[in-house]
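Trainee: Just need the structure, nothing else, for what follows:
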Amino acid sequence: MDNLTHTLISVMVGEAIHRSMPPSAVLSDRSRRGIALTVMAVGGNLPDADVFYTLWTGSTLDNVLHHRGHTHTVTGALGLSLVLFLAVGLGWRCRRVKPGRADVGLVAGLSVLAPLLHIGLDLTNNYGVHPFWPVDNRWYYGDAVFIVEPMLWACAAALLFVLPSRTMRILIAVVLAAGLGLSWFSGYVPLSFAAVLTLLTAGLVAISQYAPARVALAGGLAAWLALTATFLVATRTAEHRIEALLADRFPAARTLDISLTPMPANPICREVFAVQRTADQYVVRRAFHSLAPGWVTATGCERSYPIGSDATAQLQPIAQPATREIVWKGELVMPGGLLAQLGSQYCAVGALLQFARAPWAAPRGDGWIAGDLRLDHEPGLGLTEIKVSPTTDECPRLPAPWVPPREDLLDD
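Mentor: Alright, predicted model coming up:
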């Protein structure tokens with residue numbers, strides 16, 4: 001999830017909790033609100049501090065293995081919570097403030113909640129998290145919400161007339177205007193959904209202005225939870241439908257996984273990567289699917305995809321006709337045991353397989369290029385592509401304990 005969404009949702013939750021608490025016996029309303037919102041805004045972004053040490057390594061593999069790594073686990077989040085709580089305590093001490101027990105409890109609770117909320121929001125995307133390390137090192141994917149979701153920005157409209165800070169109100173207004181502008185004029189959101197987003201924003205703005213603050217905040221939080229639930233239900237429904245389509249079109253293949261990338265502000269369109277296995281081959285098939293083809297066709301879903309279509313992997317055409325429900329974009333076929341062989345032969349490939357949900361490999365010169373098709377959006381080596389050869393095999397600087405998502409291919 002983008003950091004703007006993390007911040008907006010965290011601030012909305014923090015403001016709602018602040019207003020639900022009785023007045024502090026020590027802190028002024030302004031002071032306690034400032035602390036609550038700061039703790040939520042900072043803590044709601046703190047797990048992404050992993051970007052600093054992944055940038056330090058300068059390695060593609062370290063980036064994919066450790067972004068959303070240990071700081072995106074419950075154990076790591078609790079460690080960050082302690083740091084955040086101690087930082088607030090140090091600030092109080094430097095200013096010689098003696099908070100009451102309720103104030104300390106509020107800060108402690110928010111310090112724990114904020115990083116966990118970050119992990120929960122990230123779980124809704126298709127990048128994945130592994131929250132239960134070190135007990136469970138597997139990846140978990142929500143596949144439900146696009147990483148930049150203007151519908152969730154709209155929920156922050158509930159804050160527009162609730163927050164006393166004029167600066168905060170202006171910033172929120174700018175975000176709301178940007179979300180509406182992108183939805184109407186970017187070409188990535190169908191006009192019907194842009195209209196829904198506009199109505200949602202306008203409704204929450206009206207509630208924020210005319211309803212009591214607690215009612216407005218409850219409306220914003222309810223909208224966030226309802227939208228997330230809608231995207232989750234739509235994703236699970238689409239997944240079952242795609243499974244049926246795959247079984248019908250490719251009866252000789254066993255489906256290992258279906259990776260779905262939803263479109264922004266659009267719960268019916270998805271990019272699909274179907275990971276399948278036959279007796280002797282491993283296949284990844286790419287498609288675009290519409291859950292409501294009478295409303296938006298699969299071709300329309302493809303047009304609304306906001307990420308470039310160039311790729312390093314060379315997909316071959318699929319001998320299946322396009323329909324209003326699904327458009328097949330290509331497939332990559334490899335020998336069933338190739339990835340396991342390369343993973344044991346090259347340290348870098350073995351490390352990549354700890355992240356790649358739709359891994360692929362192809363010969364290049366005297367070696368191989370390997371990557372993850374989900375994030376292959378450029379013709380050259382990008383975020384997840386590596387090149388190995390008999391003379392080139394760069395291991396990650398920071399080994400990771402994650403269970404490979406495609407462990408089902410490596411046990412052969």
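Trainee: for the longest strand anywhere in the chain, which positions count as buried?
Mentor: Longest strand in the chain, counting residues (DSSP state E): strand 266-277. Residues 266, 267, 268, 269, 270, 271, 272, 273, 274, 275, 276, 277 are the ones in strand 266-277 that count as buried (16 or more other Cβ atoms under 10 Å). To be clear about C-beta, it is placed using only N, CA and C from the backbone, and glycine gets the same treatment.
Trainee: Distance from the chain centre to the biggest helix by length in the chain, please.
Mentor: Looking across the chain with DSSP state H, the single longest helix is helix 213-249. On the basis of Cα atoms, centre = their mean, to the nearest Å, helix 213-249 sits 14 Å off its chain's mean C-alpha point.
Trainee: avg pLDDT for the helix or strand just after that helix?
Mentor: Next along the chain after helix 213-249, taking DSSP states H and E as the criterion, comes strand 254-263. Per-residue pLDDT values over strand 254-263 give a mean of 96.
Trainee: Ramachandran angles for the spatially most central residue of the chain?
Mentor: Taking Cα atoms, centre = their mean, the centroid of the chain lies closest to residue 125, which sits 3.2 Å from it. Main-chain torsions, residue 125, degrees, to the nearest 10: phi -90, psi -180.
Trainee: For the longest strand of the chain, which strands pair with it and how are they oriented?
Mentor: Paired neighbours of strand 266-277 in the sheet (DSSP bridges): strand 254-263 (antiparallel), strand 281-290 (antiparallel).
Trainee: Only the buried residues of the last one, if you could.
Mentor: Okay, so that is strand 281-290. So strand 281-290, judged by 16+ other Cβ under 10 Å, has buried residues 282, 283, 284, 285, 286, 287, 288, 289, 290.
Trainee: Without its sequence neighbours, what residue ends up closest to the second one?
Mentor: Counting by Cβ to Cβ, 6 or more residues apart in numbering, the nearest residue to residue 283 once its immediate chain neighbours are dropped is residue 276, at 4.7 Å.
Trainee: surely that neighbour meets residue 259?
Mentor: No. Checked against Cβ atoms under 8 Å, the pair residue 276 and residue 259 is beyond contact range at 11.9 Å.
Trainee: Between helix 213-249 and the longest strand of the chain, find me the angle.
Mentor: Orientation of strand 266-277 against helix 213-249 (axes from the mean of the first three to the mean of the last three Cα atoms, to 10 degrees) gives an angle of 40 degrees.
Trainee: one step back: which of the buried residues of strand 266-277 lies closest to residue 109?
Mentor: residue 267 (32.5 Å; Cβ to Cβ).
Trainee: Before we move on, what's the pLDDT of the closest one?
Mentor: 94.
Trainee: Can you name the residues that contact it?
Mentor: 230, 231, 234, 291 (Cβ atoms under 8 Å, 6 or more residues apart in numbering).
Trainee: Check the gap between the third one and residue 228 for me.
Mentor: Here the distance between residue 234 and residue 228 works out to 11 Å (Cβ to Cβ, to the nearest Å).
Trainee: which neighbours do the two share?
Mentor: residue 144.
Trainee: Export the helix or strand of the chain with the lowest mean pLDDT to CSV, keeping only CA atoms.
Mentor: Lowest mean confidence among the helices and strands of the chain (mean pLDDT, DSSP states H and E): helix 50-57, at a mean of 78. Output of helix 50-57 as CSV, limited to C-alpha atoms (Å, rounded to 0.1, in the frame of the first residue of the first chain):
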residue,chain,number,x,y,z
ASP,A,50,13.1,-1.4,5.8
VAL,A,51,13.7,0.6,2.6
PHE,A,52,16.7,2.2,4.2
TYR,A,53,18.7,-1.0,4.7
THR,A,54,17.6,-2.5,1.4
LEU,A,55,18.9,0.7,-0.4
TRP,A,56,22.1,0.4,1.6
THR,A,57,22.8,-3.1,0.2
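Trainee: Name the residues of the next helix or strand after that helix that are buried.
Mentor: For helix 50-57, the succeeding helix or strand toward the C-terminus, using DSSP H and E, is helix 60-66. For helix 60-66, the neighbour count (16+ other Cβ under 10 Å) marks 60, 61, 62, 63, 64, 65, 66 as buried.
Trainee: Convert the C-alpha atoms of helix 60-66 to CSV, please.
Mentor: Extracted C-alpha coordinates of helix 60-66, given in CSV (Å, rounded to 0.1, in the frame of the first residue of the first chain):
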residue,chain,number,x,y,z
THR,A,60,18.0,-6.3,-6.3
LEU,A,61,17.8,-9.5,-4.3
ASP,A,62,18.1,-7.8,-0.9
ASN,A,63,15.4,-5.4,-1.9
VAL,A,64,12.8,-8.0,-2.9
LEU,A,65,13.7,-10.2,0.1
HIS,A,66,13.7,-7.5,2.8
